[in-house]
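In: Dropping the sequence and predicted coords here.
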Amino acid sequence: MDRSIQIIHSYWAYLVLLVVVLATINALAAFFSKREYAPKDFRISLFGLIVTHIQLLIGLVLYFTSPVWGLSSITNMGMAAVMKDSTARLFAVEHPLIMILAVVFITIGYSKHKKNLLSHKKFKTLSIFYSIALVLMLSRIPWNLWF
């Protein structure tokens with residue numbers, strides 16, 4: 001079961017990255033071109049929110065059930081040993097924490113943009129929060145395992 005959840009988490013990550021990149025580029029392009037906010041823009045940002053939240057749920061299941069990575073490595077090795085091992089630290093501390101922060105930024109950006117009435121402000125909010133989330137995601141993807 002652990003391996004199947006890990007595979008789902010890994011493949012879903014490609015979709016998450018694609019959608020968040022698309023939503024970020026869409027928001028930035030619309031902000032700089034001063035385009036009017038359309039239903040398509042709402043759907044793109046909403047889809048970014050949905051796929052990241054699904055990925056978060058899959059990741060939390062993997063974090064708590066994996067016999068090798070996540071919480072079990074902290075339990076088995078101790079926090080001091082995990083912090084000294086860069087791979088264990090990435091999977092037990094850095095990756096989960098930074099990805100949760102990225103989901104928080106996407107959630108805040110999506111929620112705040114709905115409260116704005118002007119298109120320019122909507123795109124500005126989406127651009128800022130989705131860009132921060134994208135940078136955070138890109139900083140803690142375990143690239144050596146992805147390719």
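Out: Perfect, thanks for sending it.
In: ok, Y130 - how many residues close by?
Out: When neighbours are defined as other C-beta atoms under 10 Å, Y130 has 30 of them. (Each C-beta comes from the backbone N, C-alpha and C, glycine too.)
In: wait, what's in contact with the closest residue to it other than its chain neighbours?
Out: Leaving aside its chain neighbours, Y130 sits nearest to T24 (4.4 Å; criterion: C-beta to C-beta, 6 or more residues apart in numbering). T24 is in contact with 127, 130-131, 134, counting by C-beta atoms under 8 Å, 6 or more residues apart in numbering.
In: okay, T24: pLDDT?
Out: With respect to pLDDT, T24 scores 98.
In: quick one: which helix or strand includes it?
Out: helix 2-33 (DSSP states H and E).
In: quick one, the following helix or strand past that helix and helix 2-33 angle?
Out: Counting by DSSP H and E, the next helix or strand C-terminal to helix 2-33 is helix 39-65. Interaxial angle, helix 39-65 versus helix 2-33 (axes from the mean of the first three to the mean of the last three C-alpha atoms, to 10 degrees): 150 degrees.
In: ok, and for helix 39-65, which residues are buried?
Out: By neighbour count with 16 or more other C-beta atoms under 10 Å, helix 39-65 contains the buried residues 41, 44-45, 48-49, 51-52, 55-56, 58-59, 61-63.
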